[in-house]
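Trainee: pasting the structure only:
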């Protein structure tokens with residue numbers, strides 16, 4: 001029987017067709033294999049514990065129950081990994097921690113709800129009158145185990161090499177003025193300087209406090225229009241009127257507004273766009 005070639009089949013080492021799994025299928029297989037292994041370890045632990053207590057239980061029953069628990073976690077795994085990826089690029093440490101904590105609560109409740117609805121006829125009908133009663137019992141009993149599983153998924157998700165999510169071009173800065181929040185157009189910003197854990201946008205009307213540190217702003221501002229020129233300053237390239245050398249790679253940038261901003265030799269390469277223009 002001949003096998004027709006298509007884009008999912010490529011020649012093998014000896015001219016034979018070699019099937020390649022798609023990336024989603026490979027990911028699904030890894031998740032299934034991993035959670036099957038977890039179920040095997042849990043059931044073995046339960047079996048050894050029953051032996052030590054003098055009342056051995058069949059290993060097969062323990063494995064099936066552990067596999068049922070693991071199957072729900074396998075379903076939740078892709079969603080948890082995506083949430084961890086969002087938390088990884090979620091800004092400040094407090095925001096990341098909040099996302100992960102909310103994810104833990106959501107994962108525990110969702111796991112118990114799905115397990116109770118699907119497996120109550122097999123494991124809860126003789127002990128609990130309703131799936132709700134079974135879910136309440138499991139939520140309290142398995143909180144430690146769920147924390148262990150969730151922590152493992154967070155660790156795995158944090159180690160994944162995922163690029164930061166694409167962001168829309170920044171057009172406004174969120175600034176504070178007299179206790180209220182305003183959205184300042186980028187065109188009104190002449191340059192930005194560090195102000196402790198925050199930053200200040202310098203405008204025609206004076207400095208305005210920005211609710212972001214300078215390092216975060218550097219990542220979000222368009223590199224074709226703005227450049228980090230010092231550890232404490234970002235300037236708008238089209239407003240640079242003169243570059244005065246200070247020697248040893250340092251310089252002063254004279255802006256069209258008359259402000260003078262120090263250029264550190266460490267950030268001199270950031271003015272490539274200005275040189276090209």
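Mentor: Done, it's in. These figures come from a predicted structure and were not determined experimentally.

Trainee: which element, helix or strand, includes the most centrally placed residue in the chain?
Mentor: The residue lying closest to the centre of the chain (Cα atoms, centre = their mean) is residue 85, at 2.2 Å. Taking DSSP states H and E as the criterion, residue 85 maps to helix 59-88.

Trainee: and for residue 262?
Mentor: Using DSSP H and E, the element containing residue 262 is strand 260-263.

Trainee: quick revisit: next one: the residue nearest to the centre of the chain relative to residue 159, how far apart?
Mentor: From residue 85 over to residue 159 the distance is 11 Å, taken as Cβ to Cβ, to the nearest Å. The C-beta positions use only the backbone N, C-alpha and C, and glycine is treated the same way.

Trainee: then residue 52?
Mentor: 35 Å.

Trainee: quick check, distance from the longest strand anywhere in the chain to the centre of its chain.
Mentor: Identified as the longest strand of the chain according to DSSP state E is strand 240-247. Remark: strand 240-247 is offset 41 Å from the chain centroid, using Cα atoms, centre = their mean, to the nearest Å.

Trainee: strands of this protein, start to end?
Mentor: Counting by DSSP E, the segments of the chain that form strands are 9-11, 17-19, 172-177, 180-185, 191-195, 198-203, 206-210, 226-230, 233-236, 240-247, 250-255, 260-263.

Trainee: and of those, who's closest to residue 153?
Mentor: Between residue 153 and those, the tightest spacing by Cβ to Cβ is seen for strand 17-19, at 29.4 Å.

Trainee: burial count for the closest residue to residue 218 other than its chain neighbours?
Mentor: Among residues not flanking residue 218 along the chain, residue 228 sits closest, at 4.9 Å (Cβ to Cβ, 6 or more residues apart in numbering). Neighbour count for residue 228, taken as other Cβ atoms under 10 Å: 22.

Trainee: cool, residue 77 as well?
Mentor: 23.

Trainee: how close does residue 133 get to residue 112?
Mentor: Look at residue 133 and residue 112: by Cβ to Cβ, they are 12 Å apart.

Trainee: between these two, which one's more packed in?
Mentor: A side-by-side neighbour count of residue 133 and residue 112, using other Cβ under 10 Å, places residue 112 first with 23 against 14.

Trainee: so who does that one touch?
Mentor: 135, 138, 139, 142 (Cβ atoms under 8 Å, 6 or more residues apart in numbering).

Trainee: and the pLDDT at it?
Mentor: Predicted confidence (pLDDT) for residue 112: 91.

Trainee: may I see the buried residues of the strand holding residue 262?
Mentor: Within strand 260-263, the residues that count as buried by 16 or more other Cβ atoms under 10 Å are 261, 263.

Trainee: now render the strands of the chain as a markdown table, adding distance to residue 25 and mean pLDDT.
Mentor: Output for these, formatted as a markdown table (distance: least, Cβ to Cβ, whole Å; pLDDT from 0 to 100):
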| stretch | distance to residue 25 | mean pLDDT |
| --- | --- | --- |
| strand 9-11 | 14 | 44 |
| strand 17-19 | 11 | 47 |
| strand 172-177 | 43 | 84 |
| strand 180-185 | 45 | 86 |
| strand 191-195 | 47 | 93 |
| strand 198-203 | 46 | 92 |
| strand 206-210 | 46 | 90 |
| strand 226-230 | 43 | 92 |
| strand 233-236 | 45 | 94 |
| strand 240-247 | 53 | 88 |
| strand 250-255 | 54 | 90 |
| strand 260-263 | 52 | 92 |
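
Trainee: columns distance to residue 117 on top of those strands, output as a markdown table?
Mentor: Output for the strands of the chain, formatted as a markdown table (distance: least, Cβ to Cβ, whole Å):
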| stretch | distance to residue 117 |
| --- | --- |
| strand 9-11 | 40 |
| strand 17-19 | 36 |
| strand 172-177 | 43 |
| strand 180-185 | 44 |
| strand 191-195 | 53 |
| strand 198-203 | 48 |
| strand 206-210 | 48 |
| strand 226-230 | 53 |
| strand 233-236 | 53 |
| strand 240-247 | 64 |
| strand 250-255 | 64 |
| strand 260-263 | 62 |
